[in-house]
Structure formats: structure tokens, C-alpha cells
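K.L.:
based on what follows, work out the 3D shape:
(one chain, ligands or ions: 1)
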Amino acid sequence: MSRYWSSVVHSLKPYVPGEQPAMATVVKLNTNENPYGPSPRVIAALSAEIGDALRLYPDPGATRLRDALAARHGMAREQVFVGNGSDEVLAHTFQALLRHDAPLLFPDITYSFYPSYCRLCGVNYREVPLDGSMQVRVADYRQPCGAIILPNPNAPTGIALQRAEVEALVAEHQDDVVVVDEAYVDFGGESAVPLVRSYPNLLVIQTFSKSYSLAGLRVGFALGQRPLIEALERVKDSFNSYPLGRLALAGAAAALEDEAWFEQNRNRIIAGRQRLAAALLGLGFVVLPSAANFLFARHPGRSGANLAAGLRSQAIIVRHFAGERIADFLRISVGTDADNDRLIEALRLLVR
Ligand SMILES: Cc1ncc(COP(=O)(O)O)c(C=O)c1O
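P.N.:
Sure, this is the predicted structure:
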């Protein structure tokens, strides 16, 4: 607290990111990073970018990267927005498109950054409870609102909606912007991107952090029809003209070129998730059906806090949220096979 703060700063409830421990020896399964490294083409592109050109500002229009994303998704450059991680793309979206007189709707159990953005941007919101099996029920969004945002797959549950359900939601709310946050879609969800051409109210947000192994580079993007993207550009150019540096622009473009690497890694993670889920079920855990690179699981005999602390004492870090309905769960990122094996062995001792 300080008398120098603006009133908006007093009212903020900042998001608390997962821990980034200094020790390299921990098994780090707490922030849904990709356990496999980025494509060698990314490393080569970054190395090539390091040099005299760093004295120059990067391209404020990010044209090469936006063209590559547009080509990948069959769109025009003007339908693509890029930002410093999808977190920044989300922040601009809250400012540009989600602030209306009627409340923004999102699930009561979801990405916990959304309420923080609401406070920062003055967005009034209403949480829509997940159903008894922790699923988003599209029918529950049939109510007056200013806009809707939801992750698909949802976080931290990992449960995905089918594209037809997302389409029903978007079609029912043609007067409202519907944002689908697809941070985890590449691990088994059905993307809403093919719906963009039919729905001027749909914005899809994705990231290079998870499926492209580039959380450290900070690149996210949004796809939508031109007026929505123009709104984001207007906010961006009123905030920071150069959200992506030269390294980020070059690295993300190179990652898109290496489809084989992308496919190989996401398939390894999907296979790892299946093995990990089976092992957790074998230990008596309840495991929600995940289409993401993490599992949300609880053990009937142990509290989530107790298990998270027990794992930590063995240098294994998972994410535990204290919120109502989810306090007994652990959110476990899928690691390498060796990471997953260490986790299972540690849990075996904790739950026996
Ligand atoms: C649902 C969801 N959306 C967006 C993000 C932000 O990802 P990034 O800013 O790394 O692109 C995350 C990060 O964990 C997430 O879980």
C-alpha cells in the first residue's frame, strides 16, 4: 500500500504464476511447460538473429510471423494478431473486446488470470459454475451478457468441449464476442479456428508456449475476423508498438516451419499423458479426462495440499490450487517418461 498508488492499483488482485525454482534438479510438473526442447531450427534462427541487427527495433507489424500463421490457418495477415505470450494477447482482448455494460461470462473454475484482467481493465464479470463432473455446459451460458471467454480445453481441469458445442455457443451469442483460449488445444482438443470464417464474433487465442516448447520466448497469437483483430491492434499500438523482439519473431516463425518436430513432441506428450493417467488410476486417483498436457487428479484418501507437500519434499513440484471444489486436486503437467515415473513412484509411497 502506498499513497502514491492510483486507485486502480489498490483494487488489483494480481495473478500468481507457478513457481520457477532455481534448482535444475527438481522434477518440474507445475506450469505446463513442454518437457521436450524446441526445434533445432528455432535454435538456429535465434543464433542467426544475434548480431548487429539487434541495435534496430523489430518489425512493429510482425509481418513475417503473421504471414506464416495466416498461411498455416488459411487466413489473411489482417486476421492474425501476435503478442508477448498469449497472456498479453488476452490482456489486450479484455481491454479491447470484453469490457461492456453487461457482465463477461466465464467458468467458475478456469484460468485464474481472467479475474485479474477484469480488475485491471474494469470488466464486470459473472462466473458460470461447471457442472457436477467439472464440465462446461454450453446451455448454462444462455443468459444475457456482454461477452464470453473460456479456455478449450479448460484449465485446470483439462476437459475439452467439442467443436460443435463451441459453435453452438458462438452461434447463440452473435451479438457478443466469444473468445476461445486454446492454449492447450494441440494436445487433443478440437480447435475453433475453422469457425472463424463463419462467425464475426469469434476470437481464438493460441500460444507457442506449450505445444511448440517456447514458453521462454513469450509468443502468443489471436485469429479472428478483421474488425476484432483491428481492435487488438488499436490497443497494442496504444500500449507498446514492439511487444515481440527480434528473437521472438524469428524463433516463432522457425518453429512453425518444423512441423515434424511439433508432431513428434505433441504425440509423445499425448502418449505420456495416457500412461500417466493409467498409473494414477492404478493408485486409486480420480483423474479427469484431459485433452491437455496436464492431468487434474485427486486421491480419495489424501488432501491435495498434503500430497503436494509430500511431493515437494521429494523435489517434485506440481500445482495445487486452494479454491473451493478444487482444493483436493493436483494439476500435474505431463513430463518426460522419466519425470512421470519419478512422480508415480513418489505418489505410490504417499498414498499407500
Ligand atoms: C488457459 C491458459 N491460457 C493462456 C495461458 C498463457 O500462456 P502464455 O502467456 O505462455 O502464452 C496459460 C498459461 O499457462 C493458460 O493456462
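K.L.:
please count neighbours and contacts with C-alpha atoms only from this point.
P.N.:
OK.
K.L.:
what's the separation between residue 94 and residue 209?
P.N.:
20 Å (CA to CA, to the nearest Å).
K.L.:
brain fart, residue 151
P.N.:
Residue 151 sits 15 Å away from residue 209, going by CA to CA.
K.L.:
and residue 260, by the same measure?
P.N.:
Distance from residue 260 to residue 209, by CA to CA: 17 Å.
K.L.:
more neighbours: which of these two?
P.N.:
Higher neighbour count among residue 260 and residue 209: residue 209, with 22 against 10, using other CA atoms under 10 Å.
K.L.:
where does the nearest residue to the more buried one once chain neighbours are set aside land in three-state SS?
P.N.:
Excluding its sequence neighbours, the residue lying closest to residue 209 (CA to CA, 6 or more residues apart in numbering) is residue 215, at 3.7 Å. At residue 215, secondary structure determined by DSSP: H, G, I helix; E, B strand; the rest coil is coil.
K.L.:
list the contacts for residue 215?
P.N.:
The contact partners of residue 215, taken as CA atoms under 8 Å, 6 or more residues apart in numbering, are 33, 85, 208, 209.
K.L.:
tally of neighbours for the closest residue to the first one other than its chain neighbours?
P.N.:
So the one you mean is residue 33. In this structure, residue 33 finds its nearest non-sequential neighbour in residue 210, 5.6 Å apart by CA to CA, 6+ apart. Using other CA under 10 Å, the number of residues around residue 210 comes to 22.
K.L.:
test my guess that residue 210 contacts residue 183.
P.N.:
Yes. With contact defined as CA atoms under 8 Å, residue 210 reaches residue 183; the gap is 7.1 Å.
K.L.:
show me what from this structure comes close to the ligand.
P.N.:
For the chain, the residues in contact with the ligand (CA under 6 Å from any ligand atom) are 85, 86, 87, 111, 151, 155, 181, 183, 207, 209, 215, 220.
K.L.:
among the residues you listed, which two are most distant?
P.N.:
151 and 215 (17.8 Å; CA to CA).
K.L.:
roughly how far does residue 244 sit from residue 88?
P.N.:
11 Å.
K.L.:
which of those two has more neighbours?
P.N.:
It is residue 244, of residue 244 and residue 88, that has more neighbours when counted by other CA under 10 Å, with 24 against 18.
K.L.:
the closest residue to that one other than its chain neighbours: what's it in contact with?
P.N.:
Nearest residue to residue 244, sequence neighbours excluded (CA to CA, 6+ apart): residue 84, at 5.8 Å. By CA under 8 Å, 6+ apart, residue 84 lies in contact with 218, 219, 220, 243, 244.
K.L.:
just those: which are in strands?
P.N.:
residue 220 (DSSP state E).
K.L.:
all helices of the stretch 101-250 of the chain, in order?
P.N.:
Applying DSSP state H, counting those that start in this stretch to the stretch 101-250 of the chain gives helices spanning 113-121, 163-172, 226-236, 246-257.
K.L.:
in a markdown table, list the ones you listed along with mean pLDDT.
P.N.:
Below are the helices of the stretch 101-250 of the chain laid out as a markdown table (pLDDT from 0 to 100):
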| stretch | mean pLDDT |
| --- | --- |
| helix 113-121 | 97 |
| helix 163-172 | 98 |
| helix 226-236 | 98 |
| helix 246-257 | 98 |
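K.L.:
adding mean neighbour count, write those out as a markdown table.
P.N.:
A markdown table is the format used below for those (neighbours: other CA atoms under 10 Å):
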| stretch | mean neighbour count |
| --- | --- |
| helix 113-121 | 19 |
| helix 163-172 | 17 |
| helix 226-236 | 19 |
| helix 246-257 | 22 |
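K.L.:
closest one to residue 45 among those helices?
P.N.:
helix 246-257 (5.9 Å).
K.L.:
mind checking pLDDT for the residue nearest to residue 166 when sequence neighbours are not counted?
P.N.:
Leaving aside its sequence neighbours, residue 166 sits nearest to residue 192 (CA to CA, 6+ apart; 7.1 Å). Looking at residue 192, its pLDDT stands at 98.
K.L.:
which residues does the residue nearest to residue 33 contact?
P.N.:
Here residue 210 is in contact with 32, 33, 34, 183, 184, 293 (criterion: CA under 8 Å, 6+ apart).
K.L.:
now, among these, which is nearest to residue 1?
P.N.:
Out of the contacts of residue 210, the member with the shortest distance to residue 1 (by CA to CA) is residue 32, at 32.6 Å.
K.L.:
against the ligand, how distant is the nearest residue to that closest one once chain neighbours are set aside?
P.N.:
For residue 32, ignoring the flanking residues on the chain, the nearest one in space by CA to CA, 6+ apart is residue 333 at 4.8 Å. In this view, residue 333 and the ligand are 11 Å apart by CA to the nearest ligand atom, to the nearest Å.
K.L.:
please work out how many residues are found near residue 333.
P.N.:
Residue 333: 26 neighbours (other CA under 10 Å).
K.L.:
in the sheet, who's paired with it?
P.N.:
Following DSSP bridges, residue 333 is listed with bridge partners residue 294.
K.L.:
I'd say it and residue 31 touch.
P.N.:
Yes. Shown here, residue 333 and residue 31 form a contact pair, counting by CA under 8 Å, at 6.8 Å.
K.L.:
joint contacts of the two?
P.N.:
Contact criterion CA under 8 Å, 6+ apart; residues shared by residue 333 and residue 31: residue 318.
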